[in-house]
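A.B. asks: dropping a prediction and its sequence here:
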Amino acid sequence: MIQVKNLTVNRGGKNIIAQLDHDFVKGKFTSILGPNGSGKTTLLKAISGLIPYSGQVEILGQDLSKMKITKRADNMAILPQVTHLNSDLSVFEIVSMGRFYKSQQIFQSLSNQDEEIITHAMEMTEIKSLKDRKFLNLSGGEKQRVLLARALAQQPKVLLLDEPTASLDINYQIEILKLLKKLQKKTDLTIICVLHDIQLAAEFSQQILLLNDGRVIDVGKPHKIINPENIRRTFNINSHVYWDSFREKLTLIPIEKEQQPDKFLGKIHIIAGGGSAGNILEVLRHKNCEISMGVINVGDSDWQKCKELNIKTITVQPYSPITEEAYKQNTQEVLKSDFIIFCHTPIGNGNLKNLKALQLANQNEKTIIIVEGEQFTKRDFTDGGEGSKIYDELTKCENVFKVQNVNELFNILEVE
Ligand SMILES: Nc1ncnc2c1ncn2[C@@H]1O[C@H](COP(=O)(O)OP(=O)(O)OP(=O)(O)O)[C@@H](O)[C@H]1O
């Protein structure tokens, strides 16, 4: 879609981008990541023709430097970093500007077709109800969606976005990225997006380009290129990088340069099954703690992971219910532990004893951490909903914490 060859951008007497080559593939969502000042915005501005450059930028085989402004606007739309527009215009008027960019006739009246396109852009970005509101009075997230609608009203083939999630809370960040991904899938739009959040970029993009000091460090599919070595070369930090094979999510934990020896977190017992422990086992393995898991069926994917990581398990045979003997051993581990982590595994009559072990832990005032997943009632297969009764009781206790991800889990392990 966009071919960049030997691109060099000089600003203030310094090469900000130096001899950069890259092909941005049609219909793909590419994120550009890099530290502050690495040249991300400069690269975006150069490939949208906003600043002078040397080298070659081609859009669908046509030289960008020779392209008329109307043709450029036909091909690409830009969502700039700055979202404050000091204008008194309404949302509808701002979105309409997308049509004017294409024709370069500011005072034209909108055709029926233009109106349809504008309405469609507002529907896609879910801002139709804001149509008559003043842009100035909108929240940051709403403004961001209006500017996105303006860009979409251009009906571009390529959408260039400079930190579209900056200054948005995590819900809006995810909302915007989900929307972009949906658009890209639905309309075959090529998206090139500067982002700061490595984890979100890994989750939402198909390609990541890592930039440092105006040079490409690596480019490719997120799980191939997000690794400690590339993170170090790009951001100059050491890190642990974990990929959750089940949710295809990335957890990146930076390691402080002058790291103190890890404090001992204590003994941690995990109740899981069916892969519900996700990457928790791997992350804990790098921490200073003693870990055990039980009761778990031999052959279960969480059992397999424990075996690989040399973590102690209390087991029963594949597909067998928890025996009295295994339950006893499990309760001994539970009572010796400082924390019990309960991952979002289904509970049936066969493994109900694992919930009973949690009940016992609660009676002994142990700290219990529930890693949330699917709603418990949907994975409760016990007779008469006995599992849900125990679970509901547990969640009311003040020594029981609910967490959504590994970072929240560590906050509790380190504070408690
Ligand atoms: N017009 C200019 N004149 C001189 N230097 C400039 C100019 N524009 C950008 N720079 C410099 O180029 C470097 C890269 O800037 P750029 O905005 O592309 O970085 P970035 O990776 O987008 O950073 P950030 O993550 O902080 O937004 C910076 O050191 C910046 O100061």
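C.D. replies: Looks like it came in fine.

A.B. asks: partners of the nearest residue to residue 409 once chain neighbours are set aside in the sheet?
C.D. replies: Closest residue to residue 409 apart from its sequence neighbours, by CB to CB, 6 or more residues apart in numbering: residue 403 at 4.8 Å. For the C-beta atoms, the positions are set from N, CA and C on the backbone; glycine is no exception. Taking DSSP bridges as the rule, residue 403 bridges to residue 371.

A.B. asks: mind checking how far residue 403 is from residue 286?
C.D. replies: Residue 403 is 18 Å from residue 286, where distance means CB to CB, to the nearest Å.

A.B. asks: neighbour count for the two, which is higher?
C.D. replies: Between residue 403 and residue 286, counted using other CB atoms under 10 Å, the more crowded position is residue 403 (18 against 12).

A.B. asks: settle this for me: the more buried one is touching residue 370, isn't it.
C.D. replies: Yes - judged on CB atoms under 8 Å, residue 403 makes contact with residue 370 at a distance of 7.2 Å.

A.B. asks: show me where the stretch 201-350 of the chain has its strands.
C.D. replies: Ranges of strands in the stretch 201-350 of the chain, per DSSP state E, counting those that start in this stretch, are 207-212, 215-220, 238-244, 249-255, 266-271, 289-297, 312-316, 339-342, 347-348.

A.B. asks: got the angle between the helix or strand that the shortest one is followed by and strand 266-271?
C.D. replies: Going back to what we said before, that points to strand 347-348. Downstream of strand 347-348, the first helix or strand assigned by DSSP states H and E is helix 352-363. Calculated by axes from the mean of the first three to the mean of the last three CA atoms, to 10 degrees, helix 352-363 forms an angle of 150 degrees with strand 266-271.

A.B. asks: C-terminal to the longest helix that the chain contains, what's the next element?
C.D. replies: Secondary structure of the chain read by DSSP state H shows that its longest helix is helix 170-187. Toward the C-terminal end, the helix or strand that comes next after helix 170-187 (DSSP H and E) is strand 190-194.

A.B. asks: partners of that next one in the sheet?
C.D. replies: Assessed with DSSP bridges, strand 190-194 is paired to strand 29-33 (parallel), strand 158-162 (parallel).

A.B. asks: wait, which of those is closest to residue 379?
C.D. replies: Closest of those to residue 379 is strand 29-33, at 32.4 Å (criterion: CB to CB).

A.B. asks: say whether the ligand is contacted by the following helix or strand past that closest one.
C.D. replies: Next helix or strand after strand 29-33 toward the C-terminus (DSSP H and E): helix 40-47. Yes - Helix 40-47 reaches the ligand (CB under 6 Å from any ligand atom) through 40, 41, 42.

A.B. asks: I figured residue 277 hits residue 305, correct?
C.D. replies: Yes - using CB under 8 Å, residue 277 is in contact with residue 305, at 6.8 Å.

A.B. asks: ok, those two, which is more surrounded?
C.D. replies: Using other CB under 10 Å, the more surrounded residue of residue 277 and residue 305 is residue 277, with 28 against 21.

A.B. asks: now for the more buried one: which residues touch it?
C.D. replies: Residue 277 is in contact with 270, 293, 302, 305, 343, 371, counting by CB atoms under 8 Å, 6 or more residues apart in numbering.

A.B. asks: what's the answer for residue 34, then?
C.D. replies: Residues in contact with residue 34 (CB under 8 Å, 6+ apart) are 40, 210, 211, 212, 217, 234, 235.

A.B. asks: can you rerun that using 10 Å?
C.D. replies: Contacts for residue 34 (CB atoms under 10 Å, 6 or more residues apart in numbering) come out as 40, 43, 194-196, 209-217, 234-235.

A.B. asks: on that earlier part again, mind checking which of the residues of helix 40-47 next to the ligand are buried?
C.D. replies: Buried by 16 or more other CB atoms under 10 Å: 40, 41, 42, out of the residues of helix 40-47 next to the ligand.
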